[in-house]
Structures are given as structure tokens and as C-alpha cells.
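> here is my input; please provide its structure:
(chains A and B)
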Amino acid sequence: MFGLPQSLGDDKPEPEMPCTRQPPADVAMAAREEVLALQAQVAQREEELESLKQRLAAALAAEREPESEQPAPVSPLPPRASLSRDEILRYSRQLVLPELGVQGQLRLAAASVLIVGCGGLGCPLAQYLAAAGVGRLGLVDYDVVEMSNLARQVLHDEALAGQAKVFSAAASLRCLNSAVECVPYAQALTAATALDLVRRYDVVADCSDNAPTRYLVSDACVLAGRPLVSASALRFEGQITVYHYGGGPCYRCVFPQPPPADTVTSCADGGVLGVVTGVLGCLQALEVLKIAAGLGPSYSGRLLLFDALSGCFRCVRLRGRRPDCAACGERPTVTALQDYEALCGSSATEKCRSLQLLGPEERISVTDYKRLLDAGAPHLLLDVRPRVEVDICRLPHALHVPLTLLERRDAESLRLLGDAIREQGRAVPEGAALRVYVICKLGNDSQKAVRLLQALPRVPELASLRVQDVAGGLMAWAAKVDGSFPQY
Amino acid sequence: MAAPLSVEVEFGGGAELLFDGVKKHQVTLPGQEEPWDIRNLLVWIKKNLLKERPELFIQGDSVRPGILVLVNDADWELLGELDYQLQDQDNILFISTLHGG
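Residues are numbered from 1 along each chain as shown, chains lettered A, B, ... in the order given. Okay, the predicted model is just below:
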């Protein structure tokens, strides 16, 4: 099965060999000339490549359709009667699987799949579906490619940073398999567009990253009668299941009530390992392929849990369809799509929630803080981020006490804080008061910390002090004050 | 009088972060008048295992929305939810649903 190519580079002309009888000095000179010539050629190719990348980026941008609420129509894929010679060669390894065979491959070629989210799950999913020969892939994502995506969103690359993810993904998929039709939708899935879009596809894959979109996709699939393959990942864990298939439960059957917004952790906050989204995206592709090829899924009414740290896969049995389910029950109350951001109390497109806990007088901007710092105003800067984030980057003069330890009223941390306040207090001139500023990554935890510190009876040093938080946190510091400070 | 029970309590999907990051807990529930069910297991967990912010785990006398309860790898809804009577050597898994992608 594995054969080495019989000859490498047969079609390339042999480079001219220098005459072996030349004196050594001439040999050296000839070798030097060849190095220079090759260097020039490499430089020229690099220039060509750069110009090609720019043309591609421009072409992708030009391809972008004018912003419109309603996505462009697509015609249904015609059923296929036979495979071409090229297709037989291309899909030969899966064609010889008796479970799939020609009939299964023909079903894949006539199938359409809507992929909601072209991130860590959507990229590997789309890649394997395109490679396997699924006829049409609809790609939905409102977002653009950022450098912090590249560690897990494997269809995008450096050259396309700043481009819409759906165009970047479509370009990669076309290179992989030009026979697969990719339909990019560079917009957020909304209650206005979801139902119409879902109806145009045979199978839907939820690769989104937020609760409102998960309810929206599930309701749209129930209303349109489409199976939904849903996966999610965070930190070292992943979960995958199939909803609304063959009388099985829908998302609302399992989760009738959305979780409180402050219990939902995003990948930006909690972190995620790219391989974990990769594993889940591949499992999702497997379920989609089995449904599209007519083999039936494995995870309808079952939930697969993956724990990458322990290396364990665990499959649990979910409840069946709920007769009183608001969406798919006997007397459904969800007869049209709703306002899902209101339902979940969170946004579907905002990457970081911004908490408004403190009044403006309790906050200071990064630029004002920079002025204070430059003026040498005596103060204590308290960094409340977790240790792992402090290891990434920090302001050297900050005292570090994680919010979790403050919340637990950890005695050692409170003693540290009291000592630092007393120490800094010595530098304060007569009649002035020491100020305490709290900082975190984005300015959410710092607000919680200010509220906590205002009510800490066990640190008497704090009683008479004014405590404020630095609005926008270290990421605002990096954006507005110090361009060399890392962003993460 | 119900005899003491030995059960395995597990947390996942981030719920373990409320339990000092420990995912697996082998626990012995003391003998008591009433039989042990999930309702009083939750009270016991809150008192004996939960380290911080109980509102992120418990709401009223049940778990908060977004946490699945699995008894021996089956959704507790198939077994009577809060009223399920625990058996010796049961495995109870509390898993927080993930939304990231």
C-alpha cells in the first residue's frame, strides 16, 4: 500500500554540474555562483508568493456579498446516479468499506450540511466533510480570523488574518476538494435568518460558542425537522450529542432552562486546548457523515464526554424526548424563533462580557492610571488574575492576590495585602491618603474585587482607603498605553 | 434505619472547580433514618464537599440549570430525579454543560 515514488523530480531539468577537473578555486567560485543564483530564485519565488497571497485576500474580499439580512438562495442538490472515474479514485479507501460503498458515497455527494461556527470545532468538521466528498457545505460565522484563533482553528492561516472566517475556510476547503460546493454566510445566525437557512440543508452541525446560539440552532432544527449534531469544548473537556433525530430529544428536552449567564465560561476566559476541539470536531464529522450516508448516528439520546487529561471517553444515556418540551413536545409553545439573547441573558456575538458593577467614581481609566504612575503618586496596584495569567505577563510593580483567594478570605493573602498597604502608606505625604487600584485582564474581576475589598473587615488597613478598579484591565493597557505589552 | 452507603461522586465540565478541582470523590454517607436520595445527597454535598460559591451548583433544593446529573451513566430523569434512592456503590456524576467551540 505504501510505495516510495520511483523517481523524485524526474520532470525537472538536472542542474548543470561543475566540471570535476576544474582547479579548486574555480570549483569554489562556481559553487558560490550557484548559491547566489539559488538565493535570487528563492527571493523571487517569495515575492511571487506574497503577491499571490495579496491577490487571494483581495479576491476573497471582493467575493463578499453585500450585507443583507436574507442569505442568497441555493438550489437543492440533485440526486446522483453514479460516480465518475476521478471520484472513484479519490474516495477509493472509503468506497471499499461495505458499510458505506457506492450508495453511501452517492448519498454524501447529494448531501448538504450547515456548519454554524467556523472556529475550533467547525474547522476540522468542515475539513473532514469536504475531504469525504459531502456535496455542499454552508458555512456560518460573523467573525474574522485573529492570531489567537490559529492554535485551534486549523483552516485559517496567517495570510488571511483579518478576513471573514467563512471566506478563509471556504478558500482552504476549495484547495482541499474543489468538487465540494462551499456557501459562505458572513453573518451571525439570527432568529430572522436561521429557519430559512436551516431548511436549505439536510443536516446541521452546531459548532457555536455560546448559549443563545445553541438554543436558536436547536429550535430552528426542530421547526425545520432537521437533525442536529452538537459539540462543545472547553479547557481539556468536550461533549458531543445528536439532537432531534429519529424521535430523540432536542436541546430543550435536555436543557429546558438556560444556565445563568455568569455560570457560562468562554474559551477566551477558561482556555481550551486546540487538539480537544479537534477531537470533538472530528467526532462531529463522523456523526454527520453517518447520518448523511444513511448509517444513522451513534449519539442520538446519548452524550459522549471526553476528558483529555485522563484520556477517558464516557458515553452516558440521556433522557428521551420530553412530551412537555416547549419546542418538540406534544403541545409546543415555541412555534416561531424567539429572542435568544433575552432568553439566556447573554450576547451571541460579544466575545467578552463586560460587567457593570461599579459606578464611574469607583473606576479609573488606563490613561489616567498611567498619568498617576508617571507622576509617582503613591499607590498600591493589586493584580487579581489567576497565577497562570500572571505568568504570561504582568506589570512589575503590582502585588498579586488572585480573586479566588480574596473570595475565600484566605488569611495569608489578606495578611500580604495588609502588609503591602502599610508599606506603601509610609511613602504617602502628611494629609494625603494612599490609593488602591485593582487590575485584572479585562476589568470584570477587578470590579468584583473592589466590592469585596470594600467589605473586608479583617484588613483594618483598608478601612480608610479609597479603592478603585482600572477599567478595561491589562488588555486596555496594552491597547491604549503600552503597545509592547502582550495581549492574550 | 438505612445503613451507611459508599458511593462515588464525580464532577466534570468545570463543576469540579467548585470542589477544589477534584473530579472524583469516594464518599461514605452515614446511616440515617430516611433512605438516601439525591435530594439529601445534594444537601450533604453542599455541607461536606462544596468549597465555594454554592449558587453556581445548587439552586433551591436541586442543581442549577446547565448541570446534568447522571446516575451510573444514565440521566437522572430516567430514574426519578431528586427522589432516586441511592444504592451502595452507585456512581453519581454532575457535569456542567460546555458551550465553547
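
> so how far is chain B from A:Leu357?
Applying Cβ to the nearest Cβ, to the nearest Å, the value for A:Leu357 to chain B is 16 Å. Backbone N, C-alpha and C define where each C-beta goes, glycine included.

> from A:Gly120, how far off is that residue?
Taking Cβ to Cβ, to the nearest Å as the measure, A:Leu357 falls 30 Å from A:Gly120.

> neighbour-wise, which of those two wins?
More crowded of A:Leu357 and A:Gly120, by other Cβ atoms under 10 Å in any protein chain shown: A:Gly120, with 31 against 15.

> excluding its backbone neighbours, what's nearest the more buried one?
Closest residue to A:Gly120 apart from its sequence neighbours, by Cβ to Cβ, 6 or more residues apart in numbering or on different chains: A:Thr277 at 3.1 Å.

> host element of the one you found?
Here A:Thr277 sits within helix A:274-292, counting by DSSP states H and E.

> name the residues of that helix that are buried.
For helix A:274-292, the buried set under the neighbour-count rule, 16 or more other Cβ atoms under 10 Å in any protein chain shown, comprises A:274, A:276-292.

> follow-up on the earlier one: ok, now which ones touch the residue nearest to A:Gly120?
The contact partners of A:Thr277, taken as Cβ atoms under 8 Å, 6 or more residues apart in numbering or on different chains, are A:Gly119, A:Gly120, A:Leu121, A:Pro124, A:Arg152, A:Ala233, A:Gly238, B:Gly100, B:Gly101.

> strands of chain B, start to end?
All strands of chain B, identified by DSSP state E, fall at B:5-12, B:24-29, B:58-59, B:62-63, B:67-71, B:74-75, B:91-96.

> now those in a markdown table, please, with extra columns for mean pLDDT.
Below are the strands of chain B laid out as a markdown table (pLDDT from 0 to 100):
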| stretch | mean pLDDT |
| --- | --- |
| strand B:5-12 | 97 |
| strand B:24-29 | 96 |
| strand B:58-59 | 94 |
| strand B:62-63 | 96 |
| strand B:67-71 | 97 |
| strand B:74-75 | 96 |
| strand B:91-96 | 98 |
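
> now tabulate those strands in JSON lines and tack on distance to chain A and mean neighbour count.
Listed next are the strands of chain B as JSON lines, based on distance: least, Cβ to the nearest Cβ, whole Å; neighbours: other Cβ atoms under 10 Å in any protein chain shown:
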{"stretch": "strand B:5-12", "distance to chain A": "7", "mean neighbour count": "19"}
{"stretch": "strand B:24-29", "distance to chain A": "9", "mean neighbour count": "14"}
{"stretch": "strand B:58-59", "distance to chain A": "8", "mean neighbour count": "16"}
{"stretch": "strand B:62-63", "distance to chain A": "11", "mean neighbour count": "18"}
{"stretch": "strand B:67-71", "distance to chain A": "5", "mean neighbour count": "22"}
{"stretch": "strand B:74-75", "distance to chain A": "4", "mean neighbour count": "18"}
{"stretch": "strand B:91-96", "distance to chain A": "7", "mean neighbour count": "22"}
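
> so which of these gets nearest A:Arg331?
strand B:74-75 (22.7 Å; Cβ to Cβ).

> report the rounded mean pLDDT for stretch B:37-45.
Stretch B:37-45 comes out with an average pLDDT of 96.

> roughly how far is it from the heart of the chain?
Distance of stretch B:37-45 from the chain centroid (Cα atoms, centre = their mean, to the nearest Å) equals 7 Å.

> measure stretch B:29-40 end to end?
10 Å (Cα to Cα, to the nearest Å).

> now do that stretch: everything it contacts.
Counting by Cβ under 8 Å, 6+ apart, B:1-7, B:41, B:44, B:61, B:69, B:71, B:76, B:81-86, B:92 sit against stretch B:29-40.

> if we go to 7 Å?
Applying Cβ atoms under 7 Å, 6 or more residues apart in numbering or on different chains, the contact partners of stretch B:29-40 are B:1-5, B:7, B:44, B:61, B:69, B:76, B:81-86.

> give me the neighbour count for the closest residue to chain B within the stretch 1-150 of chain A.
Using Cβ to the nearest Cβ, the closest approach of the stretch 1-150 of chain A to chain B is made by A:Leu121 at 4.3 Å. Neighbours of A:Leu121 under the rule other Cβ under 10 Å: 36.

> what sits against it?
Residues in contact with A:Leu121 (Cβ under 7 Å, 6+ apart) are A:Cys207, A:Ala231, A:Ala233, A:Thr277, A:Leu280, A:Gly281, A:Gln284, B:Gly101.

> out of these, who's nearest A:Pro402?
Taking Cβ to Cβ as the measure, A:Pro402 lies nearest A:Ala233 of the contacts of A:Leu121, at 24.9 Å.

> spell out which parts of the stretch 51-200 of chain A neighbour chain B.
Within reach of chain B by Cβ under 7 Å from any Cβ of the partner chain, the stretch 51-200 of chain A has these residues: A:Gly117, A:Gly119, A:Gly120, A:Leu121.

> B:Ser62 against B:Asp83, yeah?
No - assessed by Cβ atoms under 7 Å, B:Ser62 is found out of contact with B:Asp83, at 11.3 Å.

> next up, the contacts around the residue in chain B that chain A sits nearest to.
Relative to chain A, the nearest point of chain B is B:Gly66 (2.8 Å; Cβ to the nearest Cβ). By Cβ under 7 Å, 6+ apart, the contact set of B:Gly66 is A:Phe255, A:Pro259, A:Thr263, B:Ser96, B:Thr97.

> hmm, which two among these are most spread apart?
So, the contacts of B:Gly66 by Cβ to Cβ: farthest apart are A:Phe255 and A:Thr263, at 12.4 Å.

> ok, the nearest residue to A:Val180 once chain neighbours are set aside - how many residues close by?
The spatially closest residue to A:Val180, leaving aside those adjacent along the chain, is A:Ala130, at 4.6 Å (Cβ to Cβ, 6+ apart). Close neighbours of A:Ala130, defined as other Cβ under 10 Å, add up to 26.

> before we move on, the earlier item: the strands of chain B: which one's closest to A:Phe306?
Using Cβ to Cβ, the nearest of the strands of chain B to A:Phe306 is strand B:5-12, at 10.2 Å.

> pull up the pairing partners for that closest one, direction included.
Note on strand B:5-12: by DSSP bridges, its sheet partners are strand B:24-29 (antiparallel), strand B:91-96 (parallel).

> run the chain-centre distance for it.
7 Å.

> also stretch A:454-471?
What separates the centre of stretch A:454-471 from the centre of its chain is 37 Å, taken as Cα atoms, centre = their mean.

> what comes up buried for it?
By neighbour count on 16+ other Cβ under 10 Å, the buried set for stretch A:454-471 is A:Leu456, A:Val459, A:Glu461, A:Leu462, A:Leu465, A:Val467, A:Gln468, A:Asp469, A:Val470, A:Ala471.

> what does that stretch contact?
Residues from elsewhere that reach stretch A:454-471 (Cβ under 7 Å, 6+ apart): A:358, A:362-366, A:369, A:409, A:414, A:417-418, A:421-422, A:433-439, A:443, A:446-447, A:450, A:453.

> does A:Gln239 lie in a helix or a strand, and which?
Using DSSP H and E, A:Gln239 sits within strand A:237-243.

> how about the CA coordinates for the helix or strand following that strand, as PDB?
Counting by DSSP H and E, the next helix or strand C-terminal to strand A:237-243 is helix A:251-254. Output of helix A:251-254 as PDB, limited to C-alpha atoms (Å, rounded to 0.1, in the frame of the first residue of the first chain):
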ATOM      1  CA  TYR A 251     -31.600  20.600  23.100                       C
ATOM      2  CA  ARG A 252     -34.500  21.900  25.100                       C
ATOM      3  CA  CYS A 253     -35.600  18.400  26.200                       C
ATOM      4  CA  VAL A 254     -32.200  18.100  27.900                       C
END
